[in-house]
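Engineer: Have a look at this prediction, sequence included:
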Amino acid sequence: MADKQVAALKKRVADAISAAGDEIIELGEDIFAHPELGYKEQRTSDVIAAKFKELGLEPERNLAGTGVRAVGTGRKAAARVAVIGELDAVVSPQHRHADPLTGAAHACGHHAQIANLYGVACGLMASGVLAQLDGTVDFLAVPAEEFVELGYRQRLMKEGKIDFFGGKQEFIKNGIFDGLDAVMMVHSQAQVPGRKAFVGGTSNGFVGKIINYQGRAAHAGAAPHEGINALNAAMLGLMAVHAQRETFRDQDSIRVHPIITKGGDLVNIVPAEVVVETYVRGRTMDAVFDANKKVNQALEGGAYAIGAKCNIEEIPGYLPLNDCGTLSQLFGDNMAELIGRENVVPAPHMAGSSDIGDVSQLVPTIQPSVGGFGGVAHGKDFCVTDPEMAYIIPAQALAMTVVDLLYGEAATARTIKENFRAPLTRDSYLKMWDDFRTGNL
């Protein structure tokens, strides 16, 4: 009997999402056409907040700047789950829909996440199903997943507006994930235009850094001997990083990928200041911190060789994804009902990173990825190839999983939470990053 009741509730939410399909797709396409970078997503925030209001929800605004939370309540509060969508775009100035002023473009699929988020809310609220479940759902539109515009975010930090570059990190700091029993979101899978879903899997964590090399200016033609070339120091430092690569173990998936954001002031002046940005990524934070020490030694060595100075500002990055297997299985089963079991496959390890990894260290969390997208992630050709797969079907699978979690005294959600061994608490999470900033890790 219970299985039939659950199946009936799932059909109702899926049908409600289908009925709102045109509106959900329109929302996704609208956000795609109006990309905004992290902590600047005011229009996108306004749009999703208005959509929540249309469903009878009361959105809470200005969380971590532009974030939005709307809470849907069931007949009881036996458990609390969250569904997440990310508000921000990435910098991809060659994309055909890039903002001409900022270079922002939805070349990572976050516009589809917001459409999915709204679709889940439609399915649960418009169908009346949430009122028959025994828990609460937090619909979270979160800013600033993409770790970009580091200088801008540094300024926000110095102004006391943020403590972290990532929006979910700010949500953790502010207690928004406290008391949750499960967290779910879906990500796009680039270069998979068909109907495929990838469940489970893990991702790298990383730390960021901004390196400032200080030399001494001099006329590059008339008196270069009077200068100290900060660009040479930076180049030597980067070559020393490359010399460390053979010490990185294959199983740790270490990635170090620096860029020079300032190479000097004028071509006829010996460069007196050079700025480098880089991440150090790895499969575990122990591996990241070990590689990070080697990278710092290499960067500082370049300065020493030239007689320049090197200042390294350490920036907390993101933690590896700690996938909740039971929750992934539920989502995968629901997705299989929609696109066929043969099209739901295990996800591989991803060498990229996301701040959903930070959440996953505190709360049972999943971030499966789905097809329906063509082109290269973060590239100029990224696009939606199958609107139903990108916008509608993930919302249905997420909403059906909410039914699984919150039906019958929310027994499934409570069991998942009881069996979860959180690697970190909010306090230990914040202390870890404080220790990293002060050089104690």
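Structural biologist: Nice, thanks for sending it over. Residues are numbered from 1 along each chain as shown.

Engineer: Longest helix in the chain, please.
Structural biologist: helix 393-419 (DSSP state H).

Engineer: what does stretch 223-234 contact?
Structural biologist: With Cβ atoms under 8 Å, 6 or more residues apart in numbering as the contact definition, stretch 223-234 has outside contacts at 211, 213-220, 260, 263-264, 270-274, 276, 302-303, 305-308, 310. C-betas here are computed from N, CA, C, even on glycine.

Engineer: I25 falls within a helix, correct?
Structural biologist: Yes: counting by DSSP: H, G, I helix; E, B strand; the rest coil, I25 is located in a helix.

Engineer: show me the contacts for it.
Structural biologist: By Cβ under 8 Å, 6+ apart, the neighbours of I25 are A115, P387, E388, Y391, I392.

Engineer: Max pairwise distance over the residues you listed: which two?
Structural biologist: A115 and E388 (11.2 Å; Cβ to Cβ).

Engineer: more neighbours, these two?
Structural biologist: Under the neighbour definition other Cβ atoms under 10 Å, A115 and E388 were set side by side, and A115 has more, 31 against 17.

Engineer: Which helix or strand contains the more buried one?
Structural biologist: helix 110-126 (DSSP states H and E).

Engineer: and the contacts of I25 as TSV, adding pLDDT and distance to P320?
Structural biologist: Listed next are the contacts of I25 as TSV, based on pLDDT from 0 to 100; distance: Cβ to Cβ, whole Å:
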residue	pLDDT	distance to P320
A115	98	27
P387	98	32
E388	98	32
Y391	98	29
I392	98	30
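
Engineer: Now distance to F420 too, for these, in TSV please.
Structural biologist: Converted to TSV, those look like this (distance: Cβ to Cβ, whole Å):
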residue	distance to F420
A115	29
P387	35
E388	33
Y391	30
I392	30
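
Engineer: name the helices or strands packed onto the least confident helix or strand in the chain by mean pLDDT?
Structural biologist: Least confident helix or strand, the chain: helix 150-158 with a mean of 92, by mean pLDDT, DSSP states H and E. Here helix 150-158 touches strand 205-214, going by 3 or more Cβ pairs under 8 Å, 6 or more residues apart in numbering; DSSP states H and E.

Engineer: Neighbouring strands - and their directions - for the strand it packs on?
Structural biologist: Next to strand 205-214 in the sheet, as set by DSSP bridges, lie strand 273-282 (antiparallel), strand 309-315 (antiparallel).

Engineer: Can you list the buried residues in that strand?
Structural biologist: Neighbour counts over strand 205-214 (16 or more other Cβ atoms under 10 Å) mark G205, F206, V207, G208, K209, I210, I211, N212, Y213 as buried.

Engineer: just checking, next helix/strand downstream of it?
Structural biologist: Per DSSP H and E, the first helix or strand lying C-terminal to strand 205-214 is helix 230-244.

Engineer: What about E337, how many residues nearby?
Structural biologist: Counted by other Cβ under 10 Å, the residues lying close to E337 total 17.

Engineer: and if you look at T202?
Structural biologist: Counted with other Cβ under 10 Å, residues neighbouring T202 total 18.

Engineer: How about F420?
Structural biologist: 18.

Engineer: Quick check, it in contact with C324.
Structural biologist: Yes: proximity of F420 to C324 meets the contact threshold set by Cβ atoms under 8 Å, at 6.8 Å.

Engineer: tell me, what's touching the two both at once?
Structural biologist: Residues touching both F420 and C324 (Cβ under 8 Å, 6+ apart) are P364.

Engineer: got the angle between the longest helix of the chain and helix 110-126?
Structural biologist: Here helix 393-419 runs at an angle of 80 degrees relative to helix 110-126 (axes from the mean of the first three to the mean of the last three Cα atoms, to 10 degrees).

Engineer: residues of helix 393-419 that come out buried?
Structural biologist: By neighbour count on 16+ other Cβ under 10 Å, the buried set for helix 393-419 is 393-407, 410, 412-414, 416-417.

Engineer: so what secondary structure elements neighbour it?
Structural biologist: By 3+ Cβ pairs under 8 Å, 6+ apart, helix 393-419 packs against helix 2-19, strand 80-86, helix 110-126, strand 182-184, helix 325-339.

Engineer: Could you dump those into a markdown table with distance to R281 added?
Structural biologist: Output for the helices and strands packed on helix 393-419, formatted as a markdown table (distance: least, Cβ to Cβ, whole Å):
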| stretch | distance to R281 |
| --- | --- |
| helix 2-19 | 36 |
| strand 80-86 | 19 |
| helix 110-126 | 20 |
| strand 182-184 | 22 |
| helix 325-339 | 23 |
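
Engineer: Packed most tightly, which of these would that be?
Structural biologist: helix 110-126 (a mean of 29; mean count of other Cβ atoms under 10 Å).

Engineer: The helix or strand just after that helix vs helix 393-419, what angle?
Structural biologist: Using DSSP H and E, the helix or strand that follows helix 110-126 towards the C-terminus is strand 136-142. Orientation note: strand 136-142 sits at an angle of 120 degrees relative to helix 393-419 (the same axes, to 10 degrees).
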